[in-house]
Structures are given as C-alpha cells and as structure tokens.
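Asker: please find the sequence and the predicted model below.
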Amino acid sequence: MGSFRTSIVCSIAPTPQWLKKRIVATSDLYTTKTILKELDVDTVCESALCPNLNECFSRKFATFLILGDVCTRGCGFCSVERGVPSYADSDEAGKIFRAVRKLNLKHVVITSVTRDDLEDGGALKFANITKAIKEYSQGIKVELLIPDFNGSAASLMKVLAASPDIIGHNIETVKRLYTRVRRGADYERSLALLRFIKGIKPDQLTKSGLMVGLGEAESEIRETIRDIRGTGCDILTIGQYLRPRRVNLAVERFVAPDEFERYKRFAGAMGFKHVAAGPFVRSSNGGCYDKCNTAAVG
C-alpha cells in the first residue's frame, strides 16, 4: 500500500515545507482498509499510491477502481501496472455496491484503468455500476472519472444514459508534454470528449484535472485552463505531480502555494463553477458536487 513517504522519497530534493504532512493512523482508516480488503475492491488510492490515502480512508472515503488494476497504456506519471489485462469480475458492480453501503458513502467516485482491449472501453460497466447505486438511493451522488474510450461516441453515450452526477475526464498536462506524459492519449481527443458531453447533455456537470511540476510553463498552464473551459467544463482541479515510483517521470519542480492560488483565481475568472488548486489536490477526490451546485445558484 502506498504512502506519502513513498511519493516524496522518489521525488526530487529538497522537499519544500508545504509538501510535508503529518500522517495520523485512525481506527476509521483501518476500518476502511478492512472493508475494502474483505470485499476485494480495488481503489485508485492504493493502485496509484495517492498521497492523500490516509486522510481519505480515515474519512471512510475511497475512489473505486474498476476493470482491474492493469492498464493497456501506462502513462509516464502513473504507478498503475501496464500490460495485457485478463481481469473479468462478473460481480464487480455488486462488490462496489456493498462497499458503498458498508462505508455509508453519500458521494461515490468511480474510475478505471484504460481498457483499449474492450470494445466499449468498459463504458457499460461504468453505466451499470452507476445505475445500481442510483437505484439503491437517489440521495447518493455518483461521480465518474472516465478514460477517453478511444474517442468512441457510442461508449460515451452509454455513460451519459446512466445519469451520473459528475462526469470527469482529466487533461492531465499541457499539450506540448502529451507524448511524454500521456502515451496513447491525445490532447484534442480529450477536449473533444468533454465538449461532446456538453453538446449532448448541457446540464451534465463535467470535471477535469491538471498536474503541474512536469516541466510546463505558466503560460502553457493558463492556455490549457482556457482550452478546458472552452469545452464548457464546470469543475477544475490542479495539483502537484509527485513521482510515485522511480520508474515514473521525475518531478521537474515543486509549485509554490501562491502559484496555485494564481491558477485558482485565473480559472475562476474563466467561469468555472468550482476550482480546487493546491499541492495535494487530486482529481479523484470527491466533494465538489455540493460546492459546485452552491456556486451555480449562489
């Protein structure tokens, strides 16, 4: 299981003060780990070595990872294993549904590895899990963080038909760095996905995320924020890239909190309904729904 210590040891030195956090083990943290282990449920928190794992698990919150833990692409920043997936769990929806009940979640975040080997990229699985949770309780908010489905409109329509509360798709980095950071992905295709959602369902809340510290210039970050907002995207997250393992891309620089604040103000002025920006902000963290709706009506 990953930890904040693992992320920092593998990154460049020295570690700035704002990236040091005190980790406290709580009974709820162990309860969450036990429930997930007993139900054999994967989380991106563990697979991607998220630095916020202890805090999220202590709040009995986790981002579920579906379609296995082997990715067909293998981006330079990600610690998830790359290879040929053989995963086919017919009870995956049931396991996540039971985890949602046991953890008493009110906001559920579901993501997946990229499965280019599947005809629909796993879209039907996203839809079925969303429907199962919604049928159990309309009071539970479901947020999906989806791959690009290789640009398939048919796959995206399956997800839209399930009516999740938020559909997220991360741009991750600036266009210039795509071939190094997001192998197999395409900057324009990702923007087109976000744009397509709004074209089909204008009221659907959409979300995207950026990492900084990979060698991008501030002007490039601002241009990327403009591009994301140009799709009609509602929610934006911006966080510090932290190298999860030595085989992953190195951190080029640690971005100071005041720079994150500049990006937050800039994105807010662009018209996003909610912006979260800071060293430990991660796109898979939930909690944006109520803030976004408050901003929309306030």
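Answerer: Ah, there it is. Numbers count the residues shown, from 1 in each chain.
Asker: strands of the stretch 101-250 of the chain, residue ranges please.
Answerer: Ranges of strands in the stretch 101-250 of the chain, per DSSP state E, counting those that start in this stretch, are 107-112, 141-145, 166-168, 205-212, 235-240.
Asker: just checking: what are the partner strands of the first one?
Answerer: Just to be clear, that refers to strand 107-112. Looking at strand 107-112 with DSSP bridges, its partner strands are strand 63-66 (parallel), strand 141-145 (parallel).
Asker: can you tell me which of those strands has the worst average pLDDT?
Answerer: For the strands paired with strand 107-112, mean pLDDT drops lowest on strand 63-66, to a mean of 89.
Asker: give me the residues contacting the helix or strand following that strand.
Answerer: Downstream of strand 63-66, the next assigned helix or strand under DSSP states H and E is strand 70-71. With Cβ atoms under 8 Å, 6 or more residues apart in numbering as the test, strand 70-71 has contacts from 78, 80-87, 113-115. Any C-beta I mention is one placed from the backbone N, CA and C, and that applies to glycine too.
Asker: with stretch 30-41 instead?
Answerer: Taking Cβ under 8 Å, 6+ apart as the rule, stretch 30-41 contacts 1, 43, 57-58, 60-62, 64, 95-96, 98-99, 102-103.
Asker: same thing but at 6 Å, please
Answerer: 57, 60, 95, 98-99, 102 (Cβ atoms under 6 Å, 6 or more residues apart in numbering).
Asker: repeat that for stretch 106-114.
Answerer: By Cβ under 6 Å, 6+ apart, stretch 106-114 touches 44, 63-67, 71-73, 80, 100, 122, 133, 140-145, 147, 284, 286.
Asker: 7 Å - rerun?
Answerer: Outside stretch 106-114, the residues that touch it by Cβ atoms under 7 Å, 6 or more residues apart in numbering are 44, 63-73, 80, 100, 122, 126, 129, 133, 139-145, 147, 284, 286-287, 289.
Asker: repeat that for stretch 210-223.
Answerer: When contacts are defined by Cβ under 7 Å, 6+ apart, stretch 210-223 is touched by residues 77, 171-174, 176-177, 181, 224, 238-241, 249, 251-255, 263, 266.
Asker: repeat that for stretch 182-196.
Answerer: 73-76, 148, 151, 153, 156, 169, 171-173, 175, 178, 206, 208, 227, 231-233.
Asker: list the buried residues for it?
Answerer: 182, 184-187, 190-196 (16 or more other Cβ atoms under 10 Å).
Asker: among those, which one has the lowest pLDDT?
Answerer: G184 (85).
Asker: now do the helices in the stretch 101-250 of the chain.
Answerer: 123-136, 153-161, 178-181, 187-200, 218-230 (DSSP state H, counting those that start in this stretch).
Asker: ok, and which of those has the densest surroundings?
Answerer: Comparing the helices of the stretch 101-250 of the chain by mean neighbour count (mean count of other Cβ atoms under 10 Å), helix 123-136 ranks first with a mean of 19.
Asker: how about low-confidence regions in this structure?
Answerer: Applying pLDDT under 70 to the chain flags residues 1-13, 23-24, 47-49, 76-77, 79, 87-88, 285-298.
Asker: go again with 80.
Answerer: 1-14, 19-26, 44-55, 59-61, 71-72, 74-82, 84-90, 138, 244-245, 284-298 (pLDDT under 80).
Asker: ok, so what distance separates the spatially most central residue of it from T43?
Answerer: In the chain, the centroid-proximal residue (Cα atoms, centre = their mean) is S284; its distance is 3.3 Å. Look at S284 and T43: by Cβ to Cβ, to the nearest Å, they are 9 Å apart.
Asker: so what sits against both of these two?
Answerer: Counting by Cβ under 7 Å, 6+ apart, the contacts common to S284 and T43 are T63.
Asker: from the contacts of stretch 30-41, which is closest to E259?
Answerer: The shortest approach to E259 among these belongs to F57, at 29.1 Å (Cβ to Cβ).
Asker: ok, the closest one - contacts?
Answerer: F57 sits in contact with 29, 32-33, where contact means Cβ under 7 Å, 6+ apart.
Asker: what helix or strand is it located in?
Answerer: Secondary structure (DSSP H and E) places F57 in helix 53-58.
Asker: one more: T34?
Answerer: T34 belongs to helix 27-39, assigned by DSSP H and E.
Asker: please point out which parts of that helix sit buried.
Answerer: Neighbour count says helix 27-39 has 29, 32-33, 35-36, 39 buried, by 16+ other Cβ under 10 Å.
Asker: L210: neighbour count?
Answerer: 25 (other Cβ atoms under 10 Å).
Asker: how far away is it from E81?
Answerer: Counting by Cβ to Cβ, the gap from L210 to E81 is 24 Å.
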